[in-house]
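J.: Please find the sequence and the predicted model below.
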Amino acid sequence: MRQNDKITCILEGRERRDKRSLCKAISDFQQHFQRPETRREFDLSDPLALRKDLPARQSDNDIRNTVSGMQRFMGEDLNLCERKKFQEEQNREWSLQQQREWEKARAHQRCAEDLYLKTRLQFDERAKHLQNLESATRKAACTAVKEFNKSQATESLERKIREKKQEQEDNLAEISNLLRGDLLSENPHQAASSFGPHRVVPDRWKGMTQEQLEQIRLVQRQQVQEKLRLQEEEWQRDMEWDRRRAQTARAALLRERRQQHQQRDLRRALDCSNLGLAKEQRAQKKYMEEVCTNQPTEDYFTQFNTQSR
């Protein structure tokens, strides 16, 4: 315990010396490197800030005199008298300049009006001349168009007369050709086609001959007889199918009745067997009632499944 106390005292003394050394080093560092005037916010708490600060306004052209600083207002500049004289001189010069410009503008306006009148008169003379030329040109054009239309009407009348004459000649030639041709004479050979004897030209064909009509009627009669024969065969086939369906239905009815008889015999045999079994069961029950006189009660059945074992 003494040894531990001694060691504890030595450690505590060493810790106190280390704390003193650390506090001294911190104090020296603050005095040399962290002085108040080196801080970033020192200008806010500097006691000599007002003495070191510049005045709010040194001259009229001071760059610190901004609009938001409200250090200079209209009419409060330092050179007020010189500024007023300069402004008066400037106003007089502006007035003289406006008078000169107004006189110059009036002179330009008069020149422009004179030039406009001269130009307008020239344009009127030119328009009148062009109008006269246009009237003469329109008259010449109307005369030329009238002569052209007259010649075109004459040519059109002559062309219509020639076309009508040619049409009449063509109609006479067509009528003559039709009267002398094979179309109205009904020549059967004119409808023969160049693709074979079995084909005809539709616009020249005049109908079938009597031999062709007789052949068609013969073929139609054959088709009618063939159709009657097919109907008779179909009727015979339907009758055969009806007879087979009737035989099949009769056989199915007989098979069903036979199955019903068999089921009835089986049911009778089963009833007899059940009756014998019932008699045996009643005899066995009567025998058990006579032999087993100790009948179990409900407490006997409720004692099961009441424990976990």
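T.: Yep, that arrived.
J.: Name the next helix or strand following the helix or strand hosting Glu15 along the chain.
T.: In this assignment (DSSP states H and E), Glu15 forms part of helix 2-33. Where DSSP H and E defines the elements, the next helix or strand beyond helix 2-33 is helix 49-52.
J.: For that next one, buried residues please.
T.: Of all the residues in helix 49-52, not one is buried under the rule 16 or more other CB atoms under 10 Å. Where C-beta positions appear, they are placed from N, C-alpha and C, glycine not excepted.
J.: Could you do stretch 221-237 as well?
T.: Using 16+ other CB under 10 Å, none of the residues of stretch 221-237 count as buried.
J.: quick one: average confidence on the helix holding Glu15?
T.: Mean pLDDT, computed over helix 2-33, is 92.
J.: Make residue 1 into 14 and carry on from there
T.: Done: numbering now begins at 14, and the last item shifts to helix 15-46.
J.: I'd like the distance from it to the chain centre, please.
T.: 84 Å (CA atoms, centre = their mean, to the nearest Å).
J.: Strands of the stretch 164-313 of the chain, residue ranges please.
T.: In the stretch 164-313 of the chain, the segments counted as strands under DSSP state E, counting those that start in this stretch are 205-206, 209-213.
J.: quick one, phi psi at Arg105?
T.: phi -60, psi -40 (degrees, to the nearest 10).
J.: List the contacts of stretch 229-238.
T.: Met221 (CB atoms under 8 Å, 6 or more residues apart in numbering).
J.: pLDDT on it, on average?
T.: 93.
J.: List the buried residues for the helix holding Glu28?
T.: Of the residues in helix 15-46, none count as buried by neighbour count, 16+ other CB under 10 Å.
J.: Who are the packing partners of that helix?
T.: Under the contact definition 3 or more CB pairs under 8 Å, 6 or more residues apart in numbering; DSSP states H and E, helix 15-46 sits against no other helix or strand.
J.: And Cys94, how far from Glu160?
T.: 97 Å (CB to CB, to the nearest Å).
J.: I meant Val304, not that one.
T.: For Val304, the distance to Glu160 - CB to CB - is 157 Å.
J.: Please apply the same query to Glu239.
T.: 86 Å.
J.: same question, Gln272
T.: For Gln272, the distance to Glu160 (CB to CB) stands at 120 Å.
J.: what stretches of the stretch 164-313 of the chain score poorly on pLDDT?
T.: Applying pLDDT under 70 to the stretch 164-313 of the chain flags residues 193-207, 209-211, 213-220, 305-309.
J.: Which stretches in it count as helices?
T.: 195-198, 223-304, 311-315 (DSSP state H, counting those that start in this stretch).
J.: mind giving me JSON lines with the ones you listed and columns for distance to Arg175?
T.: Below are those laid out as JSON lines (distance: least, CB to CB, whole Å):
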{"stretch": "helix 195-198", "distance to Arg175": "30"}
{"stretch": "helix 223-304", "distance to Arg175": "50"}
{"stretch": "helix 311-315", "distance to Arg175": "137"}
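J.: Deepest-packed of those, please.
T.: helix 195-198 (a mean of 12; mean count of other CB atoms under 10 Å).
J.: hang on, the earlier thing: which of the helices of the stretch 164-313 of the chain sits closest to Ser189?
T.: helix 195-198 (11.5 Å; CB to CB).
J.: Kindly list the main-chain dihedrals of Leu61?
T.: phi -100, psi 20.
J.: Could you count how many residues lie near it?
T.: By other CB atoms under 10 Å, 7 other residues sit near Leu61.
J.: In contact with it: list those residues for me.
T.: No contacts exist for Leu61 under CB under 8 Å, 6+ apart.
J.: now do the one 4 residues further on
T.: The neighbourhood of Lys65, defined by CB under 8 Å, 6+ apart, consists of Asp59.
J.: Distance check, it against Glu227.
T.: In this view, Lys65 and Glu227 are 147 Å apart by CB to CB.
J.: likewise Glu147?
T.: Glu147 is 89 Å from Glu227, where distance means CB to CB.
J.: Report the residue ranges of every domain in the chain.
T.: 117-196, 232-287 (automatic domain parsing).
J.: Same list, these, but as a markdown table with distance to Asp59 please.
T.: Below are the domains of the chain laid out as a markdown table (distance: least, CB to CB, whole Å):
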| stretch | distance to Asp59 |
| --- | --- |
| domain 117-196 | 65 |
| domain 232-287 | 127 |
